[in-house]
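>>> I'd like to go over a predicted model; first the sequence, then the structure.
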Amino acid sequence: MIGSLHHVGISTPDIERAITFYTSLFGFEVIDRVGWEAGDEARDRQVHATGSSARHAMMQRADGMRLELRQYEHPAGRPRAVDAPVVDHGINHFCFAVDDVYAEYERLRVSGVRFDCEPLEVRPGVVLTYARDPDGNVIELLSGM
């Protein structure tokens with residue numbers, strides 16, 4: 001039987017920057033830091049690369065939500081456009097339920113977080129907005145559902 005979603009994984013070119021972003025603005029705490037060096041055949045099979053190596057941080061919030069950050073040292077990942085449209089195929093965002101989208105939008109905006117749009121009421125009582133992390137990953141803030 002498949003259980004609940006365990007974590008969301010994000011590849012980043014700068015793991016320390018990503019850790020700072022998610023700990024300082026979204027309440028995550030680093031619970032594990034590991035990685036692997038080139039020559040780990042199981043990891044090479046996992047990531048479909050030869051000679052792979054990476055740094056890794058598993059993060060968790062008090063509510064149990066987990067986020068896995070990984071910086072591949074070899075091979076280097078291909079950069080993604082920081083303004084890639086959400087309509088592109090694949091996983092395109094992850095979402096935080098919040099009490100007040102307007103308040104969180106303002107708190108994050110003054111901290112320098114980029115947003116694709118201001119908070120929008122998409123149905124009566126349902127408000128959302130899309131933000132971007134430093135690597136361009138889309139973070140939805142949602143209230144009313």
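Happy to help now that I have it. Note that the structure is predicted; figures quoted are calculated from it, not measured.

>>> switch to C-alpha atoms for all contacts and neighbour counts from now on
Fine.

>>> this protein - how does it break down into domains?
Domain segmentation of the chain under automatic domain parsing yields 8-74, 94-143.

>>> got these as CSV, with mean neighbour count and distance to residue 84 columns?
Formatted as CSV, those follow (neighbours: other Cα atoms under 10 Å; distance: least, Cα to Cα, whole Å):
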stretch, mean neighbour count, distance to residue 84
domain 8-74, 16, 15
domain 94-143, 16, 7
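
>>> what would these look like in TSV with distance to residue 88 and mean pLDDT?
Formatted as TSV, the domains of the chain follow (distance: least, Cα to Cα, whole Å; pLDDT from 0 to 100):
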stretch	distance to residue 88	mean pLDDT
domain 8-74	17	94
domain 94-143	12	94
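
>>> got the ones you listed as JSON lines, with distance to residue 83 columns?
Converted to JSON lines, the domains of the chain look like this (distance: least, Cα to Cα, whole Å):
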{"stretch": "domain 8-74", "distance to residue 83": "15"}
{"stretch": "domain 94-143", "distance to residue 83": "6"}
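
>>> of all these, which lies closest to residue 1?
Smallest distance to residue 1 across the domains of the chain (Cα to Cα): 19.6 Å, for domain 8-74.

>>> what's the span of that closest one from first residue to last?
21 Å (Cα to Cα, to the nearest Å).

>>> chain center to it: distance?
Using Cα atoms, centre = their mean, to the nearest Å, the distance from the centre of domain 8-74 to the centre of the chain it belongs to is 10 Å.

>>> how about stretch 98-113?
Using Cα atoms, centre = their mean, the offset of stretch 98-113 from its chain centre is 17 Å.

>>> hang on, residue 116 packs against residue 130?
Yes. Using Cα atoms under 8 Å, residue 116 is in contact with residue 130, at 5.5 Å.

>>> show me what the helix of greatest length in the chain is packed up against.
Secondary structure of the chain per DSSP state H: the longest helix is helix 15-26. Using 3 or more Cα pairs under 8 Å, 6 or more residues apart in numbering; DSSP states H and E as the contact test, the elements touching helix 15-26 are strand 29-36, strand 53-60, strand 66-74.
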